[in-house]
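[1] Below is the sequence, then the predicted model.
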Amino acid sequence: MKRREPLGADLTPIIDVVFILLIFFIVTSVFKKDELALILDLPNSQAKELKVNKEQVFIELSEEKLAIKGIEVSFISLEDNLKEVKDKAKPIVVRIDKNVKYERVVKVLDLLQKYDLTNLALITQEE
């Protein structure tokens, strides 16, 4: 009498395909760099280049969004973050889209002035 062995699916090809897909997605993914959260169209300038350090506070402002240290926030959350800045001489780096309404820029500048954060650098594009 012959014994029948139950047939099972061979998972080796499926595992191979999964690893190939995993490698493909890792290689083709784009990694976030320099803690920048918003894609901005910066105005042009001929000002000299400024060295940027990791300990600086980055603020980004677009027509609809606002980000600090690479994290999208509201104006209330921005104020909470600015309250926590202990070193008043710490450089504040601000990137503002050239299409942003002046009112939004003034809101950010008012918050910086409120917490006496006056060491300000505005980032522009090179011509």
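    Okay, I see it. Residues are numbered from 1 along each chain as shown.
[2] which residues of this protein fall in helices?
    Listed in chain order, the helices of the chain (DSSP state H) span 12-28, 75-83, 102-114.
[3] Export the ones you listed to TSV and append columns for mean pLDDT, distance to V94 and mean neighbour count.
    (Glycine included, C-beta is placed from N, CA and C.) Converted to TSV, those look like this (pLDDT from 0 to 100; distance: least, CB to CB, whole Å; neighbours: other CB atoms under 10 Å):
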stretch	mean pLDDT	distance to V94	mean neighbour count
helix 12-28	92	33	9
helix 75-83	88	11	14
helix 102-114	89	7	14
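[4] For those helices, give me TSV that also has distance to L66.
    Converted to TSV, the helices of the chain look like this (distance: least, CB to CB, whole Å):
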stretch	distance to L66
helix 12-28	30
helix 75-83	6
helix 102-114	8
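[5] Out of those helices, the one nearest I92 is which?
    When those are compared by CB to CB, helix 102-114 sits nearest I92, at 6.2 Å.
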